[in-house]
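# no letters, just coordinates:
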Ligand code: MN
């Protein structure tokens, strides 16, 4: 690993943030470590497998964001975290491969100043809601009250045409996805997966986990009969209450991801 002594002196963590020419202020070591933990939690809780990723804005420079290099989330350590600029160029990849779909993150950050963290996944129970034309993905329980009244579906053919690989591999496609997300918390991606956003890293992990839980519960409920969904007032009020409880989930999931439970 190439280390920049000046950078090391300034921030004291050259081991995790080597060369980042023109990068501006570097992120805190705490945030880098939390992002590595978030990757491992998302694997342990069944949101990501070999694919999927989680990002967070640089806490010292909100125009930049942090994302692992191209690898399975369960294997991510702080040394694998890379910083990206607003146009999704890596600042310190040092030749390491980066995610093809990083434009999901970069373009959402560009369009949504309120968003601080993003998870993109292919979590399996959610996928059917993006492909069944009559199904609407909606909140069925208190833990998933952050979901929109009606979760939008991104149809990549609208942006990329009939011949596409379903992946968000450009700024234009990332911007098209961000537009469908709008001011919401979750967007389904037809034949692919979903993306959730939040105002901090722990909250986005929580939301990604409970997006998958909601999909399982809603699918099961729909098989049983007519479903009662949370109404708009319940969505708002419950989300406000649950926001105070997220550290409880994080502490539990972290211990479980570390094999301590
Ligand atoms: Mn994907």
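That came in fine, so what should we check first? What you are looking at is a predicted structure, and each value in this text was computed from that prediction instead of being measured.

# pretty sure residue 119 contacts residue 205?
Yes - between residue 119 and residue 205 a contact is recorded at 7.0 Å, counting by C-beta atoms under 8 Å. C-beta here means a position set from N, CA and C on the backbone, and glycine is covered the same way.

# who has more neighbours, these two?
Between residue 119 and residue 205, counted using other C-beta atoms under 10 Å, the more crowded position is residue 119 (32 against 29).

# any idea how far stretch 183-196 is from the chain center?
Relative to its parent chain, stretch 183-196 has a centroid offset of 10 Å by C-alpha atoms, centre = their mean, to the nearest Å.

# with stretch 136-151 instead?
On C-alpha atoms, centre = their mean, the centre of stretch 136-151 falls 17 Å from that of its chain.

# so for it, mean pLDDT?
What stretch 136-151 shows for mean pLDDT is 97.

# mind listing what's buried in that stretch?
Buried residues in stretch 136-151, counted by 16 or more other C-beta atoms under 10 Å: 137-141, 143-148, 151.

# circling back: give me the common contacts of residue 119 and residue 205.
42, 54 (C-beta atoms under 8 Å, 6 or more residues apart in numbering).

# what is the neighbour count of the closest residue to residue 203 other than its chain neighbours?
Spatial nearest neighbour of residue 203, excluding adjacent residues (C-beta to C-beta, 6 or more residues apart in numbering): residue 246 at 5.5 Å. If you count neighbours by other C-beta under 10 Å, residue 246 ends up with 17.

# so which strand or helix has residue 246?
Element membership for residue 246 (DSSP states H and E) is helix 246-257.

# other SSEs contacting that helix?
In terms of contacts (3 or more C-beta pairs under 8 Å, 6 or more residues apart in numbering; DSSP states H and E), helix 246-257 is packed against helix 29-44, helix 201-224.

# report the angle between the shortest one and helix 201-224.
What that stands for is helix 29-44. Put simply, helix 29-44 runs at 20 degrees to helix 201-224, going by axes from the mean of the first three to the mean of the last three C-alpha atoms, to 10 degrees.

# pull out the buried positions in helix 29-44.
By neighbour count on 16+ other C-beta under 10 Å, the buried set for helix 29-44 is 31-32, 34-44.

# same check, this time on the last one
By neighbour count with 16+ other C-beta under 10 Å, helix 201-224 contains the buried residues 201-215, 217-219.

# quick one: mean pLDDT over that helix.
Averaged across helix 201-224, the pLDDT comes to 98.

# before we move on, what about stretch 154-165?
98.

# next, the nearest residue to residue 185 once chain neighbours are set aside: phi, psi?
With sequence-adjacent residues excluded and distances taken as C-beta to C-beta, 6+ apart, residue 185 is closest to residue 146, at 5.0 Å. For residue 146, the backbone dihedrals (degrees, to the nearest 10) come out as phi -70, psi -10.

# and if you look at residue 62?
For residue 62, the backbone dihedrals are phi -70, psi -10 (criterion: degrees, to the nearest 10).
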